[in-house]
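**Student:** I'd like to go over a predicted model; first the sequence, then the structure.
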Amino acid sequence: MKVKAYAALKEKGVLEPFEYELGSIGHDEVDIEIENCGLCYSDVHYIDNDFSNNEYPFVPGHEVIGKITAIGDQVKDRHVGQRVGVGFQAGYCKTCECCYSGDHNLCEDRVAIFVGRNGGFADKVRVQDLSAIPVPDGLDPRTAGPLMCGGITVFNPFVQYDIKPTDKIAIFGIGGLGHMAIKFAKAWGCEVTAITGSESKIEEAKSYGAHRVVISDDIDALKKLKRSFDYIFFTGHAFKGKWSLFMNALRPKGRLHFLGLLSEPLNISMFNLLRGQNSISASPVGGPEAMKRMLDFCNLHSITPEVEFFKMSEINKAIERLKSGEARYRLVLEN
Ligand SMILES: [Zn+2]
Ligand SMILES: [Zn+2]
């Protein structure tokens, strides 16, 4: 079976139509006819070979929504015709300590959807059964794609740290990740503070559920947040001010948690950590069970990412839009 995809043929290349043969299906694999696929900045990093280990032709795309068209002979709990979503991870070893504990996302042998295989900017994709997450009937499939990578990245800590409705949360950065984090935190029942560098985003952040918005350049305002938060979720790539401002804003035992890669090493003094018994941590996307819980949570609370739509054939236009930084906030490519 031939797959019609879009591939970068070389490092930093534009995406071009590209066909490949799928071959025979594995015992625990499912084939998916793709309805749409979200575009995430990680796709751009891989197209540009920012991690220096990419192979070309390269088919990006890791926020897939579609319907199962075929299953392997050992697939028990997925069926043909079922709508599923797939994120960054397309397979797990299923037998390691992490997989047995439900932490598949931390499995050492996890497989990225487009490393050594081909991703979701295509009409079809093949993945392991566990990584194809059933999409609940009530959830709008057109806007569900961005939940599969961006969404689960910011939802995962709510599950990992048993966040309570009485917790006070700050979200730094109102972008592709941050705007979803605000919606999740609000629906979770928490007090939500958004921190942004851009005054133009104040009203937007409030419309997503932020109870208050603080401007990150306003040092006095940040200082006034002393001992305010149980969690600060950092979704940006950099912060030009002093990290002690954020550490001081944590309540005792509070946690500064990173949900993206910072462009510089962290510079935080031990004193900042020790005095309030505070923590610094980071996490990648979540595992299959956390993804399923997230989709059910979004369905129950009518949470959808803010999305701009493009046709799959407009993939290069969508990439330009993403790079412009103007997109509000996630981009979805439709077949
Ligand atoms: Zn992503
Ligand atoms: Zn494993």
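**Tutor:** It's in. Ligands and ions are numbered 1, 2, ... in the order given.

**Student:** mind checking the longest helix of this protein?
**Tutor:** helix 288-301 (DSSP state H).

**Student:** can you list contacts of it?
**Tutor:** 85, 87, 102, 104-105, 130-131, 133-136, 138-139, 144, 147-148, 151-152, 155-156, 159-160, 184, 187, 286, 303-304 (C-beta atoms under 8 Å, 6 or more residues apart in numbering). From N, CA and C alone the C-beta is placed, and that goes for glycine too.

**Student:** what about those, which are in strands?
**Tutor:** Applying DSSP state E to the contacts of helix 288-301, the entries found in strands are 85, 133, 134.

**Student:** circling back: mind checking how far the longest helix of the chain is from the chain centre?
**Tutor:** Helix 288-301 has its C-alpha centroid displaced from the chain centroid by 13 Å (C-alpha atoms, centre = their mean, to the nearest Å).

**Student:** note down every partner strand of the next helix or strand after that helix and its orientation.
**Tutor:** Counting by DSSP states H and E, the element after helix 288-301 in chain order, helix or strand, is strand 307-311. Paired strands of strand 307-311, with direction, are strand 330-334 (parallel) (DSSP bridges).

**Student:** contacts for the partner strand, please.
**Tutor:** For strand 330-334, the external contacting residues (C-beta under 8 Å, 6+ apart) are 35-40, 61, 63, 121, 142-143, 145-146, 150, 176, 305-312, 314-315, 318, 321-322.

**Student:** contacts only, for the residue nearest the centre of the chain.
**Tutor:** Relative to the mean C-alpha position of the chain, the nearest C-alpha, by C-alpha atoms, centre = their mean, is the one of residue 150, at 1.9 Å. Residues near residue 150 by C-beta under 8 Å, 6+ apart: 38, 40, 63, 176, 177, 180, 305, 330.

**Student:** which residues in the protein form helices?
**Tutor:** Under DSSP H, the chain gives helices at 41-47, 97-100, 141-144, 150-160, 178-188, 202-208, 219-223, 244-249, 270-274, 288-301, 315-324.

**Student:** got the ones you listed as a markdown table, with mean pLDDT columns?
**Tutor:** Shown next, in a markdown table, are these (pLDDT from 0 to 100):
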| stretch | mean pLDDT |
| --- | --- |
| helix 41-47 | 93 |
| helix 97-100 | 97 |
| helix 141-144 | 97 |
| helix 150-160 | 97 |
| helix 178-188 | 98 |
| helix 202-208 | 96 |
| helix 219-223 | 94 |
| helix 244-249 | 95 |
| helix 270-274 | 94 |
| helix 288-301 | 98 |
| helix 315-324 | 95 |
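
**Student:** quick one: which of those is nearest ligand 1?
**Tutor:** helix 41-47 (4.0 Å; C-beta to the ion).

**Student:** for ligand 1, tell me whether that closest one is touching it.
**Tutor:** Yes. Against ligand 1, helix 41-47 shows contacts by C-beta under 5 Å from the ion at residue 42.

**Student:** so what does that helix touch, helix or strand wise?
**Tutor:** helix 315-324 (3 or more C-beta pairs under 8 Å, 6 or more residues apart in numbering; DSSP states H and E).

**Student:** if we can go back for a sec, who wins for most neighbours among the ones in strands among the contacts of helix 288-301?
**Tutor:** When neighbours are taken as other C-beta atoms under 10 Å, the top entry among the ones in strands among the contacts of helix 288-301 is residue 85 (31 neighbours).

**Student:** which strand residues bridge that one?
**Tutor:** In beta-bridge terms (that is, DSSP bridges), residue 85 pairs with residue 65, residue 133.

**Student:** enumerate every residue touching it.
**Tutor:** Shown in contact with residue 85 (C-beta under 8 Å, 6+ apart): 63, 64, 65, 132, 133, 135, 144, 145, 147, 148, 291, 295.

**Student:** please list which of those also come close to ligand 2.
**Tutor:** Among these, no residue lies close to ligand 2 (C-beta under 5 Å from the ion).

**Student:** which residues touch stretch 234-248?
**Tutor:** Taking C-beta under 8 Å, 6+ apart as the rule, stretch 234-248 contacts 154, 171-173, 175, 177-178, 181, 216-217, 219, 222-223, 225-227, 232, 256-264, 266-269, 272-273, 276, 278.

**Student:** so which bits of the stretch 101-250 of the chain are right by ligand 2?
**Tutor:** Counting by C-beta under 5 Å from the ion, the stretch 101-250 of the chain sits next to ligand 2 at residue 107.

**Student:** check the closest residue to ligand 2 within the stretch 101-250 of the chain and give its pLDDT.
**Tutor:** Closest to ligand 2 within the stretch 101-250 of the chain is residue 107: 3.1 Å, counting by C-beta to the ion. The model reports residue 107 with a pLDDT of 98.
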